[in-house]
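>>> Give me the fold of what follows.
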Amino acid sequence: PIKDGVVPSLTYQVFFMKKLWTHTVPGKDQMADSIFHYYQELPKYLRGYHKCSRDEVLQLAALIYQVKFEDDKSQFPNIPKMLKELVPQDVVRQLSPDDWKRSIVAFYNKQSGKSREEAKLLFLKLMYRWPTFGSAFFEVKQTTEPNYPEVLLIVINMHGVSLIDPKTKDILTTHPFTKISNWSSGNTYFHI
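The predicted structure is shown next:
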């Protein structure tokens, strides 16, 4: 819009984010890793969708800290208050806040000196080894299979459609796309 006869000069950027990753390899496109992939994978990790070991959680927490603060160690005392930004929500209670801090700082010191971009890439490379890397996750209530938990995670990725137990993070079954012959959905259901 023109205001007082002057056309304003606006600068903006548009970022497109892909939902389903089929051939994403961390390090292949560093710009995409830095701008898209890290920020797409981080919230899914923090929601606790992936199955990971405590050492992996600590290493990833240290990398997330590096992305946020780089070499600034002055934020170490605040780690107990920022655990929900560093550690998956389902494992936060496994250690006391001070134990988390001590362990995260120890991992940070082992890998310090990395830039934000290097920390993002290492974060992605660690997660790339997991079968759920790059997935879209959906929390659902299932009513048809008595051997499965009532609440499941439906995971869609390059392997197909998987069902995951949200407590154990075990993959219960995977249906490759080549084996899905039809599907239907509505406001309150999804059938394959």
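
>>> which residues are contacting the longest helix along the chain?
When the chain is scanned for its longest helix (criterion: DSSP state H), the result is helix 54-69. Contact with helix 54-69 is made by 38, 42, 45, 52, 75, 79, 85-88, 91, 94, 100, 103-108, 110-112, 114, 116, 119-120, 122-123, 126-127, as judged by CB atoms under 8 Å, 6 or more residues apart in numbering. The way it works is simple: take the backbone N, C-alpha and C, and place the C-beta from them, glycine included.

>>> are any of those residues buried, and which?
Buried members of those, scored by 16 or more other CB atoms under 10 Å, are 38, 42, 45, 52, 79, 86-88, 100, 103-105, 107-108, 114, 119-120, 122-123, 126-127.

>>> Next one: Val7 relative to Ser185, how far apart?
Separation of Val7 from Ser185 (CB to CB, to the nearest Å) stands at 46 Å.

>>> residue contacts, Asp165?
Asp165 sits next to 148-149, 152-153, 172 when contact means CB under 8 Å, 6+ apart.

>>> try Asn182
Applying CB under 8 Å, 6+ apart to Asn182 gives the contacts Ile192.

>>> State the helix or strand in which it lies.
Per DSSP states H and E: Asn182 is located in neither a helix nor a strand.

>>> quick one, phi psi at it?
phi -160, psi 160 (degrees, to the nearest 10).

>>> Tell me, how many residues neighbour the nearest residue to Tyr108 once chain neighbours are set aside?
Among residues not flanking Tyr108 along the chain, Ala62 sits closest, at 4.1 Å (CB to CB, 6 or more residues apart in numbering). When neighbours are defined as other CB atoms under 10 Å, Ala62 has 24 of them.

>>> One more: Lys179?
Residue crowding around Lys179 was assessed by other CB under 10 Å; the count is 10.

>>> Tell me who's in contact with it.
Gly160.

>>> swap the cut-off to 10 Å and go again
Contact analysis of Lys179 by CB atoms under 10 Å, 6 or more residues apart in numbering lists 160-161, 192.

>>> next one: Glu118
Applying CB under 10 Å, 6+ apart, the residues contacting Glu118 are 30, 63, 66-67, 70, 111.

>>> Among those residues, which has the minimum pLDDT value?
Among those, Gln111 has the lowest pLDDT, at 87.

>>> What's the separation between it and Glu150?
Shown here: Gln111 relative to Glu150, a distance of 40 Å by CB to CB.

>>> same question, Gln142
As judged by CB to CB, Gln142 and Glu150 stand 7 Å apart.

>>> ok, now His23?
Going from His23 to Glu150 by CB to CB gives 35 Å.

>>> So between these two, which is more surrounded?
The residue with more neighbours, out of His23 and Glu150, is Glu150; 10 against 7, by other CB under 10 Å.

>>> Could you tell me the model confidence score at that one?
With respect to pLDDT, Glu150 scores 95.
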